[in-house]
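Chemist: Attaching a predicted model along with its sequence, questions to come.
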Amino acid sequence: MLGVVNKSVQAFLSNHHGQHVWREVAERIGIGPEGFEAMLPYEERMTDTLLGAAEAVLDVSREALLEDIGAWLAMTEPMRRLLRFGGADYWEFLLSLDDLQGRGMMALPDLGLPELTLQSEAQGHFTLIVTGGIRGWGAVMAGLMRAMADDYGALVLIEPVTDRDLPAGEERLTVTLLDMAHAEGRRFDLALPEAGRVAV
Amino acid sequence: MTMVDRGIGPGAAPMSLSLTPDLLGRLMPMFLWLDCRGRIRAMGPTLAKIIGADAIGAAFVQHFTLRRARGQGGYPEALGCSGRRLGLGLADHPAFNLRGTAIELPGAEGDPGSDMLVNLSFGIHLSEAVRFFGLTEADFAATDLAIELLFLAEAKSAVLGELQALTRRLEEARREAESEALSDPLTGLANRRAFDAALDRALKVWSRGGRSFALLHLDLDFFKQVNDTRGHAAGDAVLAAAAQRLSEETRRSDLVARVGGDEFMIILRGPVSVERVRGLCERLIDRLQAPIPFEGAECHVSASIGAVIANDGFAAETGGLDANRLRAVADSALYASKHAGRGRCTIASP
């Protein structure tokens, strides 16, 4: 699997929790402090090892860790911008989630994102079905979608479905869109302010 | 505006569709409706944002230049027959090109000329145009792939940035690896850098409750004489032979390094006692004293060794273990051996 997933976890640990947390995790899993290369492939089980060490060092559950990673990821400027291309408001953003896997593959064919399907239930109620990929993408999406709600200024309730009858390899989130214009969203211009590379 | 579809089967009345410019603008935010004399009758909201809403009534050629169209001549011949693909430029902003299709609208019976409907979009300069004119999602039709193109351009530039950074890091690592090769080219033993790293690792393992180890500092005796009297080639042969004998007498888990001209360092791992270290040192000296054949003659050297055992006892006596202290103790034990007459080993007691 492409290192960009592991690299994101590494960036989350060192930028959000501090270098010392990342160093401790790196030590535990036996890799150097320079960590992962986003564009090189790694064994799939390394991601699980990495997350396991991060859970232990931070003393949090896997789900809480993944939600935090999702939220943090959505707030890094390059990722926030890419997600905001999903639509002009949160409703459009939700509908664009169906295309997220395809968009990810346009950028990086080996990215390995899960398949996302948004089902409209009643007015303002949706179910997001997350299939494929490593287990835990549901929690990442929950964190990411909450952070994007803040970014758009929408008031949204997102809860994981804890139903044991879900088919294997499938995770579900319920999404309740309460208010699209709850607060002022953050500014987003289609074009970067000036020509040049996206700052990471 | 009325569009008539004449393509219905024989006998059927032609279908027609009425659209107001407002409705049309929602479908095609960059449409242009030109009258038969080439004046702008209406346009879509995005185009109005770009050339200004006051362009209504103005001549097409005042705001647009025709970059690409078959046939020569001015408007309307250049816009020509229905369905033609066009390349247009903006008169006020020549850097931005537009492309699109022009169709002829059916006129009233007996009308001398026809109105034209032109639908436009940005070409490859989309990103620059979006920035320059401050366009938003709402300025593009939902069917337009403009947003996907912008997304892709940004995602690809992020990926490219990562790849360029990776290439840079790999290049740096390659240079570093070249200068920091871990083996000594003459003997194939570990070099000083590899030895330092191994000593640090051994200390780390020990400090976590791992095994004790012994550090040997070995110096060839009479090597200088061989070098001076028989030449450097003989010296090199002596070093290579000494390295081979040291490797043969130690275990695979031990580390033998050449750290200087005729200086060697050895880390002995596993259970280490004074007896075992002394036994090994004597064997090493014995082996190194055996004659070394070179070009039909023999070279004779010996070795002096200073050893130190890194264990709890040593740590307790010296208040902890660190690499520099171990090296210094092994070094002074080596000098004790040299002073005592060479061909000897000294095991430092804490």
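Modeler: Alright, I've got the coordinates. Numbers count the residues shown, from 1 in each chain, chains lettered A, B, ... in the order given.

Chemist: Around chain A, pick out the residues from the stretch 101-250 of chain B.
Modeler: The interface of the stretch 101-250 of chain B toward chain A, taken as CB under 8 Å from any CB of the partner chain, is made up of B:127-128, B:130-131, B:134-138, B:147-148, B:150-152, B:154-163, B:166, B:169. Every residue, glycine included, has its C-beta placed from N, CA and C.

Chemist: PyMOL command to pick out the buried ones of those?
Modeler: In PyMOL syntax, the buried subset of those is picked out as below (16 or more other CB atoms under 10 Å in any protein chain shown):
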select buried, chain B and resi 127+130+131+135+137+147+150+151+152+154+155+157+158+159+161+162
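
Chemist: low-confidence ranges in chain A?
Modeler: Where chain A drops to pLDDT under 70, the residues are A:194-200.

Chemist: quick check: domain ranges of it?
Modeler: A:4-59, A:73-179 (automatic domain parsing).

Chemist: do you know which of those lies nearest chain B?
Modeler: domain A:73-179 (3.5 Å; CB to the nearest CB).

Chemist: Any idea how far that closest one is from the middle of the chain?
Modeler: Put simply, domain A:73-179 sits 8 Å off its chain's centre (CA atoms, centre = their mean, to the nearest Å).

Chemist: Would that domain count as contacting chain B?
Modeler: Yes - residues of domain A:73-179 are located near chain B by CB under 8 Å from any CB, namely A:78, A:81-82, A:85, A:87-88, A:92, A:103, A:106-108.

Chemist: Quote the end-to-end distance of that domain.
Modeler: 23 Å (CA to CA, to the nearest Å).

Chemist: beta partners for the closest residue to residue B:340 other than its chain neighbours?
Modeler: In this structure, residue B:340 finds its nearest non-sequential neighbour in residue B:346, 7.2 Å apart by CB to CB, 6 or more residues apart in numbering or on different chains. Note on residue B:346: beta-bridge partners by DSSP bridges are residue B:306.

Chemist: Quick check: residue B:346 vs residue B:281, distance?
Modeler: 9 Å (CB to CB, to the nearest Å).

Chemist: list residues touching both of these two?
Modeler: B:305, B:307 (CB atoms under 8 Å, 6 or more residues apart in numbering or on different chains).

Chemist: neighbour-wise, which of those two wins?
Modeler: Taking other CB atoms under 10 Å in any protein chain shown, residue B:346 and residue B:281 do not tie; residue B:281 has more neighbours (26 against 23).

Chemist: What is the burial count for the closest residue to that one other than its chain neighbours?
Modeler: Nearest-residue entry for residue B:281: residue B:345, 3.5 Å, with adjacent residues in sequence omitted and distances by CB to CB, 6+ apart. Using other CB under 10 Å, residue B:345 has 23 other residues around it.

Chemist: Let me know whether residue B:345 touches residue B:288 as I believe.
Modeler: No - using CB atoms under 8 Å, residue B:345 is not in contact with residue B:288; the gap is 11.5 Å.

Chemist: For the stretch 101-250 of chain B, which segments count as strands?
Modeler: Using DSSP state E, counting those that start in this stretch, the strands found in the stretch 101-250 of chain B span residues B:116-122, B:213-221.

Chemist: Residue B:283 contacts residue B:246, correct?
Modeler: No - under the criterion of CB under 8 Å, residue B:283 makes no contact with residue B:246, lying 10.5 Å away.

Chemist: before we move on, the earlier item: what about the residue nearest to residue B:281, distance to residue A:142?
Modeler: As judged by CB to CB, residue B:345 and residue A:142 stand 67 Å apart.

Chemist: For the residue most central in space within chain A, I want the exact helix or strand it lies within.
Modeler: By CA atoms, centre = their mean, chain A has its centre lying nearest to residue A:70, at 3.4 Å. Under the criterion of DSSP states H and E, residue A:70 resides in helix A:62-75.

Chemist: and of the domains of chain A, who's closest to residue B:341?
Modeler: Closest approach to residue B:341 among the domains of chain A (CB to CB): domain A:4-59, 47.0 Å.

Chemist: Straight-line length of the closest one, end to end?
Modeler: The first and last residues of domain A:4-59 sit 24 Å apart, counting by CA to CA.

Chemist: got it, and stretch A:128-138?
Modeler: Stretch A:128-138 has an end-to-end distance of 9 Å (CA to CA).

Chemist: Run through who's touching it.
Modeler: A:44, A:47-48, A:51, A:62-63, A:66, A:97, A:112-119, A:141, A:145, A:160, A:169-175.

Chemist: Which positions in it come out as buried?
Modeler: Those would be A:128-131, A:133-134, A:136-138, for stretch A:128-138 by 16+ other CB under 10 Å.

Chemist: The residue nearest to residue B:340 contacts residue B:336, doesn't it?
Modeler: Yes - assessed by CB under 8 Å, residue B:346 is found in contact with residue B:336 at 4.4 Å.

Chemist: joint contacts of those two?
Modeler: With CB under 8 Å, 6+ apart, residue B:346 and residue B:336 have common neighbours residue B:306.

Chemist: Low-confidence regions, the stretch 151-300 of chain B specifically.
Modeler: Looking at the stretch 151-300 of chain B by pLDDT under 70, you get B:178-180.

Chemist: let's go with 80 and repeat that
Modeler: B:175-181, B:209-210, B:270 (pLDDT under 80).

Chemist: what about the helices in it?
Modeler: B:192-207, B:223-230, B:232-249, B:274-289 (DSSP state H, counting those that start in this stretch).

Chemist: Quick one: residues contacting the residue of the stretch 151-300 of chain B found nearest chain A.
Modeler: For the stretch 151-300 of chain B, the nearest residue to chain A under the criterion CB to the nearest CB is residue B:155, separated by 3.5 Å. Residues near residue B:155 by CB under 8 Å, 6+ apart: A:82, A:103, A:106-108.

Chemist: Would you check how far apart the residue nearest in space to the middle of chain B and residue B:85 are?
Modeler: Among the residues of chain B, the one closest to the centroid is residue B:166, at 0.6 Å (CA atoms, centre = their mean). As judged by CB to CB, residue B:166 and residue B:85 stand 41 Å apart.

Chemist: just residue A:110 next, same as before
Modeler: 37 Å.

Chemist: What segments of chain A are strands?
Modeler: For chain A, applying DSSP state E gives strands covering A:115-120, A:125-131, A:155-160, A:170-179.

Chemist: Kindly calculate the angle that the last one makes with strand A:125-131.
Modeler: Read it as strand A:170-179. Put simply, strand A:170-179 runs at 150 degrees to strand A:125-131, going by axes from the mean of the first three to the mean of the last three CA atoms, to 10 degrees.

Chemist: With the first one instead?
Modeler: Between strand A:115-120 and strand A:125-131, the angle formed by their directions is 160 degrees, by the same axes, to 10 degrees.

Chemist: do the same with the third one
Modeler: Note on geometry: by the same axes, to 10 degrees, strand A:155-160 and strand A:125-131 are set 40 degrees apart in direction.

Chemist: And strand A:155-160, what does it pack against?
Modeler: Helices and strands touching strand A:155-160, by 3 or more CB pairs under 8 Å, 6 or more residues apart in numbering or on different chains; DSSP states H and E, are helix A:137-152, strand A:170-179.

Chemist: What strands flank the last one, and is each parallel or antiparallel?
Modeler: Right, the one you point to is strand A:170-179. For strand A:170-179, pairing defined by DSSP bridges yields strand A:125-131 (antiparallel), strand A:155-160 (antiparallel).

Chemist: what sits against residue 33?
Modeler: Answering for chain A, as no chain was given. Counted by CB under 8 Å, 6+ apart, residue A:33 has contacts A:22-23, A:26.

Chemist: try chain B instead
Modeler: Contacts of residue B:33 by CB under 8 Å, 6+ apart are B:1, B:21, B:24, B:40-43, B:115-118.
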